[in-house]
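Participant: Pasted the sequence and its predicted model underneath.
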Amino acid sequence: MSLLHFHTVLLILLLCISFSAISSKQHEEITTTMEQFSGYSIHEPPHSSQSISLSLDSHALHNQFDELSAFSDSPHPSVTRVLYTDKDVLARRYVKNLMEIAGLSVREDAIGNIFGRWDGLEPELAAVATGSHIDAIPYSGKYDGVVGVLGAIEAINVLKRSGFKPRRSLEVILFTSEEPTRFGIGCLGSRLLSGSENLASALKTTTDSQNISFLDAARSAGYAKDIDDLSSVFLKKGAYSAFVELHIEQGPILEDEGISIGIVTAIAAPASLKVEFEGNGGHAGAVLMPNRNDAGLAAAELALAVEKHVLESGSIDTVGTVGILELHPGAINSIPSKSHIEIDTRDIDEERRNRVIEKIHQSAIKITKTRGVKLSEFSIINQDPPALSSEAVIKAVETATRELNLTSKLMISRAYHDSLFMARLSPTGMIFIPCYKGYSHKPEEFASIQDVANGVKVLASTLAKLSLQ
Ligand SMILES: NC(=O)N[C@@H](O)C(=O)O
Ligand SMILES: [Mn+2]
Ligand SMILES: [Mn+2]
């Protein structure tokens, strides 16, 4: 008998011994559950898929939305929950508690990205992750981001209730500061996780509108203790084998078309600009119009120029918003001597968006000439590329949706999400659910518990599939 022959026989013998270690009943159970979830029979080629009932505690989930929305600095039904404020810290504690109740092992990084882990049968493999954010811009709603955090924890509960055992570990992530409210940069937590050196160094000097530094704010919330170098937050590429985020659509399409699930194929490319003009100000009564260099009118003119350039981009996919316009000294009878404008512009076509940014810059320069004001700042805060979803994640979501007999639609996301940056680390995808009239970033934002439940079931099934790959 040749040496190779001898080794093969030996190997088969060893495999049989180890398999026999797992009781046949256990082996049968795991195999059945894995077959039911992967939609594939372990023994036959992959053509049969069957869905199993995923039991979800929608009553508890509904209560959790209400309870979490109470951690707000604005009155019900609006939600305001800004990074590292007391309400944010309380809300984080609430979510960590839910993670522990779900049996997840919880850890946090230096800036408060929170990770809840369920070890798989092969914990050494790269895990599958899901997650979103709980920070909320001023006077917004209770579903943006929160569906992707509370829904993710419930998806884990659903899988545990069904007896499923993941092969790859599953992680739920609460990302720090997806909203740009406090420090002017969106997706701060996921951007840093994806290894942004620029951001890591910028955060050393970044302050908020109260002149509180990022590090002091983080420390006041219990993070960044004795840490200045935030590169410790960086994750390695491939840290996760896949990432999938559940989120409300924040647009009207799914509701209008009566479709349950949106399968996101791409996330539009966001950019934000900060512009400041300086004029000579003066008395609103005494200074005649020809002698004015009004920084306020310069800002107003630029805001209209943003709209003009966006409308002339030749595509409906180009959008531009002046969400912040502040005047100094801000007195009715004083000509504005300074103006501060923040511009948000996006497109699924990065070059087309960048052309708009260039035109806005040219307009700002032209306005300084026509109005005799100084352009004291024109800075690009972020100018991110769009992100494409991974085919493998899209396929897993499609199969899960089909098995649950839910309708679905491939679509792009015009809002940005932490997925935009997780896509730099691992194959990524998103699951959208309908929301009332597409409202978001306002108190009327609403998603029915049935739509949330559908999203959570699709997420649970998708996570199971990805964890077996
Ligand atoms: N999803 C979402 O609302 N993200 C925002 O931060 C945004 O401005 O797109
Ligand atoms: Mn948002
Ligand atoms: Mn969001």
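Facilitator: Yep, it's here. A quick note: this is a predicted structure, and the numbers were derived from the prediction, not measured. Ligands and ions are numbered 1, 2, ... in the order given.

Participant: Cross-check the contact I'm expecting between Arg168 and Val128.
Facilitator: Yes. Taking contacts as Cβ atoms under 8 Å, Arg168 lies within contact range of Val128: 5.2 Å. For glycine as for every other residue, the C-beta is placed from the backbone atoms N, C-alpha and C.

Participant: which one of these two has more residues nearby?
Facilitator: Val128 (30 against 24; other Cβ atoms under 10 Å).

Participant: what separates Leu104 from ligand 1, distance-wise?
Facilitator: To ligand 1, Leu104 is 24 Å away according to Cβ to the nearest ligand atom, to the nearest Å.

Participant: Tell me how many other residues surround that residue.
Facilitator: With other Cβ under 10 Å as criterion, Leu104 counts 22.

Participant: if I pick it, what's in contact with it?
Facilitator: By Cβ atoms under 8 Å, 6 or more residues apart in numbering, Leu104 lies in contact with Gly116, Arg117, Trp118, Ile153, Ile156, Val172.

Participant: For the residues you listed, work out which two are farthest apart.
Facilitator: The span of those, defined through Cβ to Cβ, is set by Arg117 and Ile153 at 12.1 Å.

Participant: who has more neighbours, those two?
Facilitator: A direct count of neighbours by other Cβ under 10 Å for Arg117 and Ile153 places Ile153 higher, at 23 against 19.

Participant: looking at it, that one is touching Leu98, isn't it?
Facilitator: Yes. Using Cβ under 8 Å as the test, Ile153 is close enough to Leu98 to be in contact (5.2 Å).

Participant: Could you list which residues are in contact with the closest residue to ligand 1 within the stretch 1-150 of the chain?
Facilitator: Residue nearest to ligand 1 within the stretch 1-150 of the chain: Asp144 (5.2 Å; Cβ to the nearest ligand atom). By Cβ under 8 Å, 6+ apart, Asp144 lies in contact with Ala136, His247, Ile248, Gln250, Ser440, His441, Glu445.

Participant: and the residue of the stretch 251-400 of the chain nearest ligand 3?
Facilitator: Across the stretch 251-400 of the chain, the shortest distance to ligand 3 (Cβ to the ion) belongs to Ile267, at 11.2 Å.

Participant: Tell me the spacing between that residue and ligand 1.
Facilitator: Ile267 sits 9 Å away from ligand 1, going by Cβ to the nearest ligand atom.

Participant: again with Ala266
Facilitator: Distance of Ala266 to ligand 1, computed by Cβ to the nearest ligand atom: 14 Å.

Participant: I'd guessed Pro443 sits against Thr80; true?
Facilitator: No. Here Pro443 does not reach Thr80: they are 9.9 Å apart, not a contact under Cβ under 8 Å.

Participant: Give the intersection of the neighbour lists for those two.
Facilitator: Residues touching both Pro443 and Thr80 (Cβ under 8 Å, 6+ apart) are Tyr139, Ser140.

Participant: Tell me the pLDDT of the residue of the chain at minimum distance from ligand 3.
Facilitator: With Cβ to the ion, the shortest gap between the chain and ligand 3 falls at Gly145, namely 3.9 Å. At Gly145, the predicted lDDT confidence score is 98.

Participant: cool, Asp228 as well?
Facilitator: Asp228 is given a pLDDT of 80.

Participant: And for Leu54?
Facilitator: Leu54 is given a pLDDT of 84.

Participant: How about Ser334?
Facilitator: Ser334 carries a pLDDT score of 97 in this model.

Participant: neighbours of it, just the number please.
Facilitator: 17.

Participant: Would you mind naming the residues that bridge with it?
Facilitator: Beta-bridge pairing for Ser334 (DSSP bridges): His283.

Participant: circling back: how close does the residue of the stretch 1-150 of the chain closest to ligand 1 sit to Ser260?
Facilitator: The gap separating Asp144 from Ser260 is 19 Å, by Cβ to Cβ, to the nearest Å.

Participant: now do Ile341
Facilitator: Ile341 sits 40 Å away from Ser260 when distances are taken as Cβ to Cβ.

Participant: Among the two, which residue is more densely surrounded?
Facilitator: Taking neighbours as other Cβ under 10 Å, Ile341 and Ser260 compare with Ile341 leading, 24 against 20.

Participant: Would you mind listing what in the stretch 51-200 of the chain touches ligand 1?
Facilitator: With Cβ under 6 Å from any ligand atom as the criterion, the stretch 51-200 of the chain meets ligand 1 at residues Asp144, Glu178, Glu179, Gly186.

Participant: Now with 8 Å, please.
Facilitator: Ile137, Asp144, Gly145, Glu178, Glu179, Pro180, Gly186, Cys187 (Cβ under 8 Å from any ligand atom).

Participant: Let's have these in JSON lines, adding secondary structure.
Facilitator: Below are these laid out as JSON lines (DSSP: H, G, I helix; E, B strand; the rest coil):
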{"residue": "Ile137", "secondary structure": "strand"}
{"residue": "Asp144", "secondary structure": "coil"}
{"residue": "Gly145", "secondary structure": "coil"}
{"residue": "Glu178", "secondary structure": "coil"}
{"residue": "Glu179", "secondary structure": "coil"}
{"residue": "Pro180", "secondary structure": "coil"}
{"residue": "Gly186", "secondary structure": "coil"}
{"residue": "Cys187", "secondary structure": "coil"}
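
Participant: Make a markdown table out of those and add distance to Gly112.
Facilitator: Compiled in a markdown table, those are given as follows (distance: Cβ to Cβ, whole Å):
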| residue | distance to Gly112 |
| --- | --- |
| Ile137 | 18 |
| Asp144 | 18 |
| Gly145 | 14 |
| Glu178 | 12 |
| Glu179 | 14 |
| Pro180 | 16 |
| Gly186 | 16 |
| Cys187 | 14 |
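
Participant: ok, and the closest non-adjacent residue to Ala217?
Facilitator: Closest residue to Ala217 apart from its sequence neighbours, by Cβ to Cβ, 6 or more residues apart in numbering: Tyr84 at 4.5 Å.
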